[in-house]
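1. Show me how the following folds:
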Amino acid sequence: MEGVLSVPLALRLRDAGLRWKPAPGDRFAIPDRDLDDEVFVLSNMVIAVHELPDGPVIGFNGTTEWAMDDLEQSEAIWLPREDQLRELLGGTFHMLERAGTGYRVELSVGDRRLTFEAGTAEEAYGAALLDLIRLGVD
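-> This is a model prediction of the structure:
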């Protein structure tokens, strides 16, 4: 889907240490249940986070297309939006620009400029964030 971070990159970000505090408007996928290509959006009306003693669960309230009562947060993978990824890059973010048929993100880390290119802005931001996490940059 255009404009959405890929599940493989989202999984690499999670595995590298990116944590998700679910909020309305957040997009997520449910890997390994034949739903990898489906993008879900948290909403107070249909899909919402419920705090339970064992931790947060994602509740599907009143869905008509298929039945799923609850999903543990650990079973869902966050697909951060472009604005969320840019915010996570913080002060290291320098610029986003078109690069051929894709996008280039440039970061300033100390006295170095790091560039990341991908087919979508989300993928370029995601690659930059993954590198920052691996470098241990806050």
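
2. Next up, the contacts around Ala127.
-> Counting by Cβ atoms under 8 Å, 6 or more residues apart in numbering, Ala127 makes contact with Leu9, Val105, Phe116, Ala118. In short, each C-beta sits where N, CA and C put it, glycine included.

3. Could you tell me which of the residues you listed are located in strands?
-> Val105, Phe116, Ala118 (DSSP state E).

4. Of the residues you listed, which is the nearest to Leu79?
-> Leu79 has its nearest neighbour among the ones in strands among the contacts of Ala127 in Ala118, at 14.6 Å by Cβ to Cβ.

5. Okay, helices next: where are they in the chain?
-> For the chain, the helices defined by DSSP state H occupy 7-16, 82-89, 121-135.

6. Rounded mean pLDDT for the longest one, please.
-> Confidence for helix 121-135, expressed as mean pLDDT, is 96.

7. now swap in the first one and tell me
-> Helix 7-16 shows an average pLDDT of 96 in the prediction.

8. Just the residues contacting it, thanks.
-> Contacts of helix 7-16 (Cβ under 8 Å, 6+ apart): 20, 29, 31, 36, 77-80, 123, 126-127, 129-130, 133-134.

9. buried ones in it?
-> In terms of neighbour count (16 or more other Cβ atoms under 10 Å), helix 7-16 has its buried residues at Val7, Leu9, Ala10, Arg12, Leu13.

10. try the last one
-> Neighbour counts using 16+ other Cβ under 10 Å place 121-133 of helix 121-135 among the buried residues.

11. so what's Leu35 up against?
-> Residues counted as contacts of Leu35 (Cβ under 8 Å, 6+ apart) are Ala29.

12. Thanks a lot, catch you later.
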